[in-house]
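Participant: Build me a structure from this.
(one chain, ligands or ions: 2)
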Amino acid sequence: MARLLVTGGAGFIGSNFVHHVVEHTDHTVTVLDKLTYAGNESSLAGLPEDRVRLVKGDIADADLVDTLFADTDAVVHYAAESHNDNSLNDPRPFLDTNIVGTYTLLEAARKHGTRFHHISTDEVYGDLELDDPARFTENTPYNPSSPYSSTKAGSDLLVRAWVRSFGVQATISNCSNNYGPYQHVEKFIPRQITNVIRGIRPKLYGAGENVRDWIHADDHSSAVLTILDKGQIGETYLIGADGEKDNKTVVELILTLMGESPDAYDHVTDRPGHDMRYAIDSTKLRTELGWAPQYRDFDAGLAATIDWYKANEAWWAPAKDGVEAFYASKGQ
Ligand code: NAD
Ligand code: TDX
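Facilitator: Ligands and ions are numbered 1, 2, ... in the order given. Just a heads-up that it's a prediction; the model follows:
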């Protein structure tokens, strides 16, 4: 049994991880979350109070972080500003949380000698051409495109420097696009599902040829637990489940699964600097640490995710109108 500190544990992937930890381990969890617009306390509802507690606070608050690290065996760091479109609108919070926040946590890990796992994204590698057979590996050079991905790249480099310079006991993982329950309606898949529920036509940026490499959030969680357990200090592991799909195909699938005509969507203004394709080669994680994804059928995982949004309108409805008003102001 270990005492885990999970930053950003009230967000999409962090809350899925906390549910996964409660179900599959005997660890206790302290969630440190600022509860920004993206954090939702109700994503942790129903979890046992003797296993999970929520501390509302900022990862850039050094005093609070120091206090929490004193009672922690290992930290899993999910907290971030996570949405590319928001980073194009207002980059500042991305610097504060993703860079200064990660720095604050690393200083505490250095002081307390705490095991630290840093959650990052495949977007740090930039993008691939549609006709390029290559996929990202741990050796792909960093080449981020957006304010979001550049701050995530910066945070990864801080972790590497704190390992080498100060001996911090850290690992890093870079994962592809996640889907599943508890994802904010600003993101692609929940936006389109909730649009269809509301009778709004799905919105595809540009031609919709951009490819994302989808993985279920629960598979991301099992990969992170595997790295915490068996990962080598100082190493980076790419997490992916061979789920490449272009956006147009995903929208058509959502419409079909929800009983609508597959062409009942709109093309809208493209994202500036829109990355064309992400693709992960997760051979290192699979061969060295023995991990494998469980959700191999994207259509079934997507159908279950649609059912979750249909059953949990009270969870997403408060954010929906504001998100759509923001997108409308951008022609999206
Ligand atoms: P999210 O936006 O749903 O959740 C982020 C959480 O962090 C929220 O609960 C928010 O309240 C909290 N937070 C933000 N700033 C904070 C601060 N200063 N202090 C404390 N808490 C703060 O994000 P997500 O999609 O769950 O992403 C989680 C992590 O996974 C991020 O680091 C992201 O870069 C990474 N990631 C995401 C994806 C994806 O597909 N969503 C893929 C790969 C990696
Ligand atoms: O309405 C939309 N229409 C659309 O076509 C939205 C919101 C998005 N898109 C496109 C843009 C992308 O090509 O869908 C794709 C996915 O978009 P997002 O859900 O915004 O994800 P992305 O930009 O790919 O980044 C996600 O994966 C990597 C997460 O938000 C990041 O946190 C993670 O690092």
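Participant: give me the element Ala300 is part of.
Facilitator: helix 298-311 (DSSP states H and E).
Participant: Pull out the buried residues from that helix.
Facilitator: Phe298, Gly301, Leu302, Thr305, Ile306, Trp308, Tyr309 (16 or more other CB atoms under 10 Å). Using the backbone N, CA and C atoms, a C-beta is placed for each residue, glycine as well.
Participant: Return the member of these nearest to ligand 1.
Facilitator: Closest approach to ligand 1 among the buried residues of helix 298-311 (CB to the nearest ligand atom): Thr305, at 13.0 Å.
Participant: Confirm for me that the closest one is in contact with Ile189.
Facilitator: Yes - counting by CB atoms under 8 Å, Ile189 is a contact partner of Thr305 at 6.8 Å.
Participant: Please enumerate the shared neighbours of those two.
Facilitator: Tyr179 (CB atoms under 8 Å, 6 or more residues apart in numbering).
Participant: how about the closest residue to Ala2 other than its chain neighbours, what does it touch?
Facilitator: Distances taken as CB to CB, 6 or more residues apart in numbering put Asp73 closest to Ala2, at 4.2 Å, once the chain neighbours are dropped. Taking CB under 8 Å, 6+ apart, we find Asp73 in contact with Ala2, Arg3, Leu4, Thr114, Arg115.
Participant: Could you find the closest non-adjacent residue to Gly243?
Facilitator: Trp214 (3.8 Å).
Participant: and stretch 237-257, is it in reach of ligand 1?
Facilitator: No - under the criterion of CB under 6 Å from any ligand atom, ligand 1 is not reached by stretch 237-257; the shortest gap measures 8.0 Å.
Participant: if we can go back for a sec, any idea which of the buried residues of helix 298-311 is closest to Gly46?
Facilitator: Trp308 (14.2 Å; CB to CB).
Participant: distance of the closest one from ligand 2?
Facilitator: Going from Trp308 to ligand 2 by CB to the nearest ligand atom, to the nearest Å gives 17 Å.
Participant: Please tell me the pLDDT value assigned to the nearest residue to that residue once chain neighbours are set aside.
Facilitator: Spatial nearest neighbour of Trp308, excluding adjacent residues (CB to CB, 6+ apart): Pro181 at 4.3 Å. On the pLDDT scale, Pro181 is placed at 98.
Participant: Those residues of the stretch 51-200 of the chain touching ligand 1, which are they?
Facilitator: Residues of the stretch 51-200 of the chain lying near ligand 1 (CB under 6 Å from any ligand atom): 58-60, 78-82, 97, 101, 119, 121, 152, 175, 177-178, 184.
Participant: now the angle between helix 298-311 and the next helix or strand after the helix holding Ala300, please.
Facilitator: Remark: after helix 298-311, the chain's next helix or strand is helix 313-329, criterion DSSP H and E. With axes from the mean of the first three to the mean of the last three CA atoms, to 10 degrees as the basis, helix 313-329 and helix 298-311 are set at 100 degrees to each other.
Participant: okay but the residue nearest to Gly243 is in contact with Cys175, surely?
Facilitator: No - look at Trp214 against Cys175 with CB under 8 Å: they stay out of range, at 10.8 Å.
Participant: Was I right to think Ile200 contacts Asp321?
Facilitator: No - Ile200 is not in contact with Asp321 according to CB under 8 Å; the separation is 10.8 Å.
Participant: what phi and what psi does the backbone show at Leu4?
Facilitator: As for Leu4, its main-chain torsions (degrees, to the nearest 10) stand at phi -100, psi 140.
Participant: Quick one: residues contacting Phe94.
Facilitator: Contacts of Phe94 (CB under 8 Å, 6+ apart): Glu81, Asn86, Ser87, Pro147, Tyr148, Thr151.
Participant: Now for these: which two are most distant?
Facilitator: Asn86 and Thr151 (11.8 Å).
Participant: ok, the two, which is more surrounded?
Facilitator: Neighbours per residue (other CB atoms under 10 Å) separate Asn86 from Thr151, with Thr151 holding more: 26 against 18.
Participant: In terms of secondary structure, what does the helix or strand harbouring the more buried one contact?
Facilitator: For Thr151, the host element (DSSP H and E) is helix 147-166. Other helices and strands packing on helix 147-166, by 3 or more CB pairs under 8 Å, 6 or more residues apart in numbering; DSSP states H and E, are helix 84-89, helix 92-94, helix 102-112, strand 115-121, strand 170-175.
Participant: could you redo the ones you listed as JSON lines and give each row mean pLDDT and distance to ligand 2?
Facilitator: What follows is the helices and strands packed on helix 147-166, written out as JSON lines (pLDDT from 0 to 100; distance: least, CB to the nearest ligand atom, whole Å):
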{"stretch": "helix 84-89", "mean pLDDT": "97", "distance to ligand 2": "4"}
{"stretch": "helix 92-94", "mean pLDDT": "98", "distance to ligand 2": "11"}
{"stretch": "helix 102-112", "mean pLDDT": "98", "distance to ligand 2": "14"}
{"stretch": "strand 115-121", "mean pLDDT": "98", "distance to ligand 2": "3"}
{"stretch": "strand 170-175", "mean pLDDT": "98", "distance to ligand 2": "8"}
